[in-house]
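Asks: fold the following and give me the result.
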Amino acid sequence: MNSVGLYIDNFDYPRLLKAPIDRKVKKPRTTIVMLHGIGNSAAGWDMVKEALPKDARLIAIDLLGFGSSPKPAGASYSVRVQARSVAATLLKMGLTTRVVLVGHSMGSLVAVELAKRYPLLVRGMVLCAPPIYRDSDENEGIIPNSERVLKKVYSLTAKDAVEHPDFYIGLSKKVANVMPDSSTFSITDETVAPYVATLKTSIINQTTYLDIQKLNIATYIIYGTLDPFVVNKNFKKLAKNNSNIKAKSIIASHEITKAYLKPITESIEAILK
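Replies: All right, here's what the predicted structure looks like:
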């Protein structure tokens, strides 16, 4: 193992995460676990939680590197360590029954990894605006496709954020002020390093497209037709290749808005039937 690999492995163990939202109910019909996107936090689910079943326990977790959760230097922030951290946190919270995962953006990739690693823990998944991209080898061609372009943009963003962190910190504040739907998105001095690492290890380099096809649980993908960060054709192929996967398009962009509420609740109810 090279020195870089050894360095990452030393810091890449699961951490206990914070769960700012933990709505308990007597005799819950199920437990719904919500996983936010990159640069966000559990607060991104504030609007959604009010629309979810009242007889369900709701848990929204701050993923590693974001919100009030630990931000360890040297961690890879890959979906692997994120999923292991979520599992450790849920066990620490005393969960003994299978949960329904609701993920947004990068949180959807964590949800798939969690279901892959801990199938007995997951009853079903609702994936909102998941940036699921095929491996680069599958995308080779003369004309650059959307996946290759997106990965290139992410790579340039990650490199630039390392060199000019103050610009991205300031930009996130402007985005939050100008775009109400992105009000909980934030990059700070504390989160810029996890943000860059997450882009590299969880989004640019991912195996989600292959992993999700092997799962044997109910999976509902909800995506916006105006979302520049998703590849719609991938969802259609996934639904064709795995009968457990259903894909639904709505008129929306990437962030969670009111347009997502009904499809999310309907998908959860379908899982619970």
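Asks: helices of the stretch 1-150 of the chain, residue ranges please.
Replies: 3-11, 46-49, 79-92, 106-117, 146-163 (DSSP state H, counting those that start in this stretch).
Asks: need the ones you listed in JSON lines (columns: distance to Gly37, mean neighbour count and mean pLDDT).
Replies: Using the backbone N, CA and C atoms, a C-beta is placed for each residue, glycine as well. Formatted as JSON lines, the helices of the stretch 1-150 of the chain follow (distance: least, C-beta to C-beta, whole Å; neighbours: other C-beta atoms under 10 Å; pLDDT from 0 to 100):
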{"stretch": "helix 3-11", "distance to Gly37": "23", "mean neighbour count": "11", "mean pLDDT": "46"}
{"stretch": "helix 46-49", "distance to Gly37": "13", "mean neighbour count": "17", "mean pLDDT": "93"}
{"stretch": "helix 79-92", "distance to Gly37": "12", "mean neighbour count": "22", "mean pLDDT": "97"}
{"stretch": "helix 106-117", "distance to Gly37": "5", "mean neighbour count": "26", "mean pLDDT": "98"}
{"stretch": "helix 146-163", "distance to Gly37": "13", "mean neighbour count": "15", "mean pLDDT": "81"}
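Asks: closest one to Thr208 among those helices?
Replies: Ranking the helices of the stretch 1-150 of the chain by proximity to Thr208 (C-beta to C-beta) places helix 106-117 first, at 5.0 Å.
Asks: tilt between that closest one and helix 79-92?
Replies: Using axes from the mean of the first three to the mean of the last three C-alpha atoms, to 10 degrees, one finds that helix 106-117 and helix 79-92 are set 70 degrees apart in direction.
Asks: what does helix 106-117 rub up against?
Replies: Applying C-beta atoms under 8 Å, 6 or more residues apart in numbering, the contact partners of helix 106-117 are 34-38, 63, 79-80, 82-84, 86-87, 101-103, 121-122, 125, 127-132, 198, 202-203, 206, 208, 211-212, 214-215, 217.
Asks: which of those are buried?
Replies: Neighbour counting with 16 or more other C-beta atoms under 10 Å marks 34-38, 63, 79-80, 82-84, 86-87, 101-103, 121-122, 125, 127-132, 198, 202-203, 206, 208, 211-212, 215, 217 as buried within these.
Asks: from the contacts of helix 106-117, which land in strands?
Replies: Among those, the members found in strands (DSSP state E) are Met34, Leu35, Leu101, Val102, Gly103, Val122, Met125, Leu127, Cys128.
Asks: which of those residues sit farthest apart?
Replies: With C-beta to C-beta as the measure, no two of these lie farther apart than Val122 and Cys128, at 16.2 Å.
Asks: and of the ones in strands among the contacts of helix 106-117, the nearest to Lys237?
Replies: Distances from Lys237 to the ones in strands among the contacts of helix 106-117, taken by C-beta to C-beta, are shortest for Leu127, at 14.7 Å.
Asks: which residues are in contact with that closest one?
Replies: Neighbours of Leu127 in contact, by C-beta under 8 Å, 6+ apart: Gly103, Ser108, Ala111, Val112, Thr219, Tyr220, Ile221, Ile222.
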